[in-house]
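# mind folding the following:
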Amino acid sequence: MGKDYYNTLGIPRGATDDDVKKAYRKQALKWHPDKNTSAAAEERFKEVAEAYEVLSDPKKRDVYDQYGEEGLKGGNGPAGEGQAFSYTFHGDPHATFATFFGGSNPFDIFFGRKNNGRDDEDMEVEGNDPFGSFTGFNLNGFPRDGLGGQQRRKQDPAIVHELRVSLEEVFHGCTKRMKISRKRLNPDGRTMRAEDKILAIEIKRGWKEGTKITFPREGDESAGSIPADIVFVIKDKPHPHFRREGSNIVYPVRVSLRQSLCGCSVTVSTIDGKTCNMKITDVVKPGMRKTVAGQGLPLPKNPEQRGDLVVEFDVNFPDALPGNAKDVLKRHLPT
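Here you go, the predicted structure:
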């Protein structure tokens, strides 16, 4: 069983966006480690942040509702052609808290230690909205500007990286681990720290060049914007023997002029290290192709099936012919 984000926030599956925001506001204030000294507070605070990150985002919520937590990680989710979905919680619940409330410590920013006799215990009462009577902030916890509007932070543009993979890695599938360096806000919401993180990228069998893997909000943090998504785009590494066309593998073979006219046998390698012999009796023209069915790459939507191995012929014409050879060809070749 995966994580039950609805249960974490204490809301039903049909909850509205406003219900999600209200539930997060209540739970985050209840379990914030600065105010809750229980041993479980830090972990519960993190669980609440992760649940909110998923359920407040329409795309993540849709994937979670259909496929559960495993689907968010790309396990059984919608990995379509050209696009693959993958989400991992960034691990910093304080950043989520600061983004939602517009500051890392709303207790001091909004109320100081006390506010008209309301203390910390009042914030945890069922159904009690600690911001309901505070006109400087809207119901979502964001500061209002001087015109009564809402200061919404914009997300930084996505950071895109090419991820080079070999055809063997695409054939077998693999996991790539990429180290990123980024800036993170400290819990005070003002100072920064440098942080390294390893992102695990699962390459599924048969994924095509151009497939995108997105890690939401893993870029640099700042007080004025939402961290950028980090996007990896699959690119094929050059291969010494093959190139691919979709799910097909193209294997170039060069034959002599004699072989092209008189027939020949060629030994063809496959992407999984096997070989097969191909006997050619037809006249081989430059660019002619022969197909070995089912010896290509796995199909992205059905990895148990494979594309084809396409043998592409090139004819090595001689630079010159002796006179007697020309005479023989003239007598025997059709005009």
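# what values do phi and psi take at Arg25?
Note on Arg25: backbone dihedrals following degrees, to the nearest 10 are phi -60, psi -40.
# point to the residue nearest the middle of the chain.
Central residue of the chain (Cα atoms, centre = their mean): Ile213, 2.0 Å from the mean position.
# excluding its backbone neighbours, what's nearest it?
Phe232 (4.7 Å; Cβ to Cβ, 6 or more residues apart in numbering). Placement of C-beta: from N, CA and C, glycine included.
# show me what contacts Ala49?
24, 28, 89, 93, 96-97 (Cβ atoms under 8 Å, 6 or more residues apart in numbering).
# one more time with 7 Å, if that's ok
93, 96-97 (Cβ atoms under 7 Å, 6 or more residues apart in numbering).
# mind checking which of the residues you listed are in helices?
93, 96-97 (DSSP state H).
# can you put those residues in JSON lines and add pLDDT?
Listed next are those as JSON lines, based on pLDDT from 0 to 100:
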{"residue": "Pro93", "pLDDT": "86"}
{"residue": "Thr96", "pLDDT": "86"}
{"residue": "Phe97", "pLDDT": "85"}
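# which one among these gets closest to Asp19?
Of all the ones in helices among the contacts of Ala49, Asp19 sits closest to Thr96, with 17.5 Å by Cβ to Cβ.
# please report the distance of that closest one from Lys183.
16 Å (Cβ to Cβ, to the nearest Å).
# those two: who's more crowded?
Using other Cβ atoms under 10 Å as the criterion, Thr96 and Lys183 rank with Thr96 on top: 22 against 13.
# name every strand pairing with the one helix or strand Met278 maps to and say which way it goes.
Met278 is part of strand 275-280, with elements assigned from DSSP states H and E. Applying DSSP bridges, strand 275-280 is found paired with strand 264-269 (antiparallel).
# need the contact partners of the strand it pairs with.
241, 251, 253, 255, 275-280, 292, 309, 311.
# 6 Å instead?
Residues outside strand 264-269 that contact it (Cβ atoms under 6 Å, 6 or more residues apart in numbering): 251, 253, 255, 275-280, 311.
# verify the stated contact: Arg289 with Asp314.
No: contact criterion Cβ atoms under 6 Å: Arg289 and Asp314 do not qualify, at 11.0 Å.
# so between those two, which is more surrounded?
Per other Cβ under 10 Å, whichever of Arg289 and Asp314 has more neighbours is Asp314, with 14 against 11.
# ok, that one - contacts?
Arg254.
# break the chain into its domains for me.
1-75+87-152, 157-238, 243-332 (automatic domain parsing).
# lowest-confidence stretch among these?
Comparing mean pLDDT across those, the weakest is domain 1-75+87-152, with a mean of 70.
# now do the same contact list for the closest residue to Leu297 other than its chain neighbours.
Leaving aside its sequence neighbours, Leu297 sits nearest to Ser247 (Cβ to Cβ, 6+ apart; 4.8 Å). Neighbour list for Ser247: 296-297, 299, 307 [criterion: Cβ under 6 Å, 6+ apart].
# max pairwise distance over those residues: which two?
Going by Cβ to Cβ, the pair spanning these furthest: Gly296 and Leu299, at 8.8 Å.
# ok, the two, which is more surrounded?
Gly296 (27 against 17).
# nearest residue to that one other than its sequence neighbours?
Gly296 sits nearest to Gly307 (Cβ to Cβ, 6+ apart), 3.0 Å away.
# ok, Glu69 next?
In space, and not counting its chain neighbours, Glu69 is closest to Gly2: 3.0 Å by Cβ to Cβ, 6+ apart.
# repeat that for Tyr52.
Tyr24 (4.0 Å).
# now do the SS call for that neighbour.
Following DSSP: H, G, I helix; E, B strand; the rest coil, Tyr24 is assigned to helix.
# next, find the distance separating Glu169 from Phe232.
14 Å.
# typed the wrong thing, it's Arg177
From Arg177 to Phe232 the distance is 12 Å (Cβ to Cβ).
# ok, the two, which is more surrounded?
Phe232 (22 against 8).
# paired strands for the helix or strand where the more buried one lies, with orientation please.
Element membership for Phe232, per DSSP H and E: strand 230-236. In the sheet, strand 230-236 lines up against strand 159-165 (parallel), strand 212-215 (antiparallel) (DSSP bridges).
# just the buried positions in the next helix or strand after it, please.
Counting by DSSP H and E, the next helix or strand C-terminal to strand 230-236 is strand 243-245. Within strand 243-245, the residues scored as buried using 16 or more other Cβ atoms under 10 Å are Arg244.
# which is the succeeding secondary structure element to strand 243-245?
strand 248-256.
# mind saving the C-alpha coords of that next one as CSV?
Extracted in CSV, the C-alpha atoms of strand 248-256 (Å, rounded to 0.1, in the frame of the first residue of the first chain):
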residue,chain,number,x,y,z
ASN,A,248,13.6,0.0,-35.2
ILE,A,249,17.4,-0.5,-35.2
VAL,A,250,19.2,0.3,-38.5
TYR,A,251,22.4,-1.7,-39.1
PRO,A,252,24.4,-0.5,-42.1
VAL,A,253,26.2,-3.1,-44.2
ARG,A,254,28.8,-2.3,-46.9
VAL,A,255,29.2,-4.9,-49.8
SER,A,256,31.5,-4.9,-52.8
